[in-house]
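Visitor: kindly return the folded structure for what I paste below:
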Amino acid sequence: MINKVFNNLRPDAREELYKVRNEFLFHALDIIEKHGGQPWLDCGTLLGAYRDGDYIPWDNDLDLGIKIEDVTEEMLTELRNTFNIRLENGTIEKYKFAAYYKRNDDGTNFKFKNSNFWFDLYMYYPGDKFRTMTVTTSSRKPKKIYPVPSHCVEKLEAIEWYGRKVFIPSSTEEYLKQWYGDGWDTPDQEWEHSPNWYENKAAATPEDAKKLF
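Guide: Prediction:
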């Protein structure tokens, strides 16, 4: 998510932000891995880690991907009990997307420079050549359906991220190109959405629908 407040942070404030981000990210990873999941850095978090070796300065959330078969009710329950729910969309049989706010000790949502702070958990479903992820952020907006090549997430690669081992998709550049297009390696503060989003199944051609779903 593009955020001018985050983009314009002074170096000392940005350093403080990174510390908070790491604590938040690693806490989420601990919970997911405790319940048998193997999440990977996704979307903007992955892009920053791979391309820049750091977080993207104007990105004020965190992104994780996970295969749907790794998701359990126990995992989701602990995430709910640890963080504040921003959005949960679906049921355990057909979860689409979940997002959680960082929680202050008093139970309120943590904010940094008056901006809310959360992580998104994208859940990918198996297909033939692609895994697909669906996001619906409100009842008034169409579903966004996104495909990634299956082989990129069937085998993950470990990297060190701020002193901790985390996972990223194999064939990472292919994965990022699918997400961000040919210009994925050039920072773009005006970037809005993936060139490979389908707003709904009808938006894809029948041939594409057969391949993806």
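Visitor: alpha carbons of stretch 119-136, as PDB, please.
Guide: Presented in PDB, the C-alpha positions along stretch 119-136 are these (Å, rounded to 0.1, in the frame of the first residue of the first chain):
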ATOM      1  CA  PHE A 119      -0.200  -7.700   7.700                       C
ATOM      2  CA  ASP A 120      -2.000  -9.400   4.900                       C
ATOM      3  CA  LEU A 121      -2.200 -13.200   4.600                       C
ATOM      4  CA  TYR A 122      -2.800 -14.300   1.000                       C
ATOM      5  CA  MET A 123      -4.100 -17.900   0.600                       C
ATOM      6  CA  TYR A 124      -3.300 -19.800  -2.600                       C
ATOM      7  CA  TYR A 125      -5.400 -22.600  -3.900                       C
ATOM      8  CA  PRO A 126      -3.900 -25.500  -6.100                       C
ATOM      9  CA  GLY A 127      -4.600 -25.700  -9.800                       C
ATOM     10  CA  ASP A 128      -3.000 -27.200 -12.800                       C
ATOM     11  CA  LYS A 129      -0.200 -24.800 -13.900                       C
ATOM     12  CA  PHE A 130      -1.200 -22.000 -11.500                       C
ATOM     13  CA  ARG A 131      -2.100 -21.500  -7.900                       C
ATOM     14  CA  THR A 132      -4.800 -18.900  -7.600                       C
ATOM     15  CA  MET A 133      -5.400 -16.300  -4.800                       C
ATOM     16  CA  THR A 134      -8.700 -14.400  -4.500                       C
ATOM     17  CA  VAL A 135      -9.200 -11.200  -2.600                       C
ATOM     18  CA  THR A 136     -12.500  -9.500  -1.700                       C
END
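Visitor: three-state assignment of the closest residue to residue 165 other than its chain neighbours?
Guide: Taking CB to CB, 6 or more residues apart in numbering, and ignoring the residues beside it in sequence, residue 165 has residue 158 as its nearest neighbour in space, at 5.1 Å. Where you see a C-beta, it was placed from the backbone N, CA and C, and this is true even at glycine. Of the three states, residue 158 takes strand according to DSSP: H, G, I helix; E, B strand; the rest coil.
Visitor: quick check: residue 158 touching residue 167?
Guide: Yes. Applying CB atoms under 8 Å, one finds residue 158 in contact with residue 167, separated by 5.8 Å.
Visitor: between these two, who's got more neighbours?
Guide: residue 167 (21 against 10; other CB atoms under 10 Å).
Visitor: can you list the strands that the strand or helix carrying that one pairs with?
Guide: Assigned by DSSP states H and E, residue 167 falls within strand 164-169. Partners of strand 164-169 in the sheet, by DSSP bridges, are strand 156-161 (antiparallel).
Visitor: contacts for the strand it pairs with next, please.
Guide: Here strand 156-161 makes contact (CB atoms under 8 Å, 6 or more residues apart in numbering) with 38, 40, 41, 49, 165, 166, 167, 168, 169, 170, 172.
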